[in-house]
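*Asks:* I'd like to go over a predicted model; first the sequence, then the structure.
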Amino acid sequence: MNLASDLTGAVTRGEIAAVFQPQIDMRTGVIVAVEALARWNHPQLGSIAPTTFIPIAEEHQLIAEIGDFMLDEGCRCAELWNASGARIEVAVNVSPAQLLTTDFLDRIRTNLTRRHLSAGSLTIEITESLPVADEPEVLRLLDELGDLGLGISVDDFGTGYASVERLLALPATELKLDQSLVQVAGSPPPYVVAAIRVAHENGLRVVAEGIENEEQFVRARDLGCDRAQGYLFSRPASEEEIGRVLAGV
Ligand code: C2E
Ligand code: MG
Ligand code: MG
Ligand code: MG
């Protein structure tokens, strides 16, 4: 099986789809945002997980096409949900290679305008484990996006460098703790606790992902997380399902 060649043109053939996982405000329990997550429906193999195909896409220069599609889908759905009265933010995962495509900033601007979205209602998630996030070109682009008013989330925090200095070097608005940190019993390592404190001192929002049960929810809340995402609240769901949940039907 050559997944890389199968993945070529998958967007055009309609094989890639976006699903959305709610994030709730820890204080109110209200859904305030959704994260867009890519799914690949392979014609022969069925559903293939992003943990499998995203690395392949990154390796074979296919990530920009998939990422652009996900950005467009996230913005399209945000407009749709907001048109029926919801107030919902959308977060989209962005790989550095996608960020560095020449038209990325334009694409963001075009999407915001076309979908009548405020920059603040769109967040891009950049995974913390990638050293490339330190590269001057990436930093410059993130600065420009931050200037636009876009949300910038440092995803999977705690799995990579987990360095506070690094966190503050990025124009981040959000720290997203990796699920491994809230799923393991006991308090996380001191540097993570410190990172949360520094994040709050610098006005960043802290999100816990991978909350599967009540115990993890309480742990995340006690750590000071502002938002939570996980199977306890909802699995990633279709555009229509999210629409129904937001409409309360
Ligand atoms: P991520 O951005 O950290 O997304 C969170 C992952 O955790 C998702 O996996 C989500 O389904 C899963 N998750 C959420 N709640 C729970 C829970 O309570 N328990 C457990 N065990 N898992 C939970 P998913 O959808 O398989 O995506 C995996 C990763 O693939 C993402 O991790 C992200 O790094 C990458 N990815 C997904 N879509 C895209 C995309 O459009 N672009 C890029 N560049 N990467 C993507
Ligand atoms: Mg993410
Ligand atoms: Mg993550
Ligand atoms: Mg992850």
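*Replies:* Nice, thanks for sending it over. Ligands and ions are numbered 1, 2, ... in the order given.
*Asks:* contact partners for residue 246?
*Replies:* Each residue near residue 246 by C-beta atoms under 8 Å, 6 or more residues apart in numbering is listed here: 31, 81, 84, 86, 88. Every C-beta, even on glycine, is put in place using the N, C-alpha and C of the backbone.
*Asks:* and the lengthiest helix in the chain, what other elements does it pack with?
*Replies:* Longest helix in the chain, counting residues (DSSP state H): helix 63-83. Contacts defined by 3 or more C-beta pairs under 8 Å, 6 or more residues apart in numbering; DSSP states H and E place helix 63-83 against strand 16-25, strand 31-42, helix 50-59, strand 89-93, helix 96-99, helix 104-114, strand 122-127, helix 239-247.
*Asks:* so which bits of that helix are buried?
*Replies:* Residues of helix 63-83 classed as buried: 63-79, 81-82 (neighbour count, 16 or more other C-beta atoms under 10 Å).
*Asks:* just the angle between it and strand 16-25, please?
*Replies:* Helix 63-83 and strand 16-25 are oriented at 50 degrees to each other (axes from the mean of the first three to the mean of the last three C-alpha atoms, to 10 degrees).
*Asks:* start the count at 740 instead of 1 going forward.
*Replies:* Sure, I'll start numbering at 740, so the last one becomes helix 802-822.
*Asks:* can helix 802-822 be said to contact ligand 1?
*Replies:* Yes - using C-beta under 6 Å from any ligand atom, we find that helix 802-822 touches ligand 1 at 806, 809.
*Asks:* of the helices and strands packed on helix 802-822, which is nearest residue 938?
*Replies:* strand 861-866 (14.7 Å; C-beta to C-beta).
*Asks:* buried residues in whatever helix or strand comes next after the closest one, which are they?
*Replies:* Per DSSP states H and E, the first helix or strand lying C-terminal to strand 861-866 is helix 875-887. By 16+ other C-beta under 10 Å, the buried positions in helix 875-887 come out as 877, 880-881, 884-885.
*Asks:* quick one: which of the residues you listed is nearest to residue 850?
*Replies:* Scanning those for proximity to residue 850, where the rule is C-beta to C-beta, the winner is residue 884, at 12.3 Å.
*Asks:* give the contact list for residue 832.
*Replies:* The contact partners of residue 832, by C-beta under 8 Å, 6+ apart, come to 774-777, 806, 809, 863-864, 866, 894.
*Asks:* mind putting the contacts of residue 985 in TSV, distance to residue 764 and pLDDT included?
*Replies:* Below are these laid out as TSV (distance: C-beta to C-beta, whole Å; pLDDT from 0 to 100):
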residue	distance to residue 764	pLDDT
770	8	97
820	17	96
823	20	85
825	14	86
827	12	96
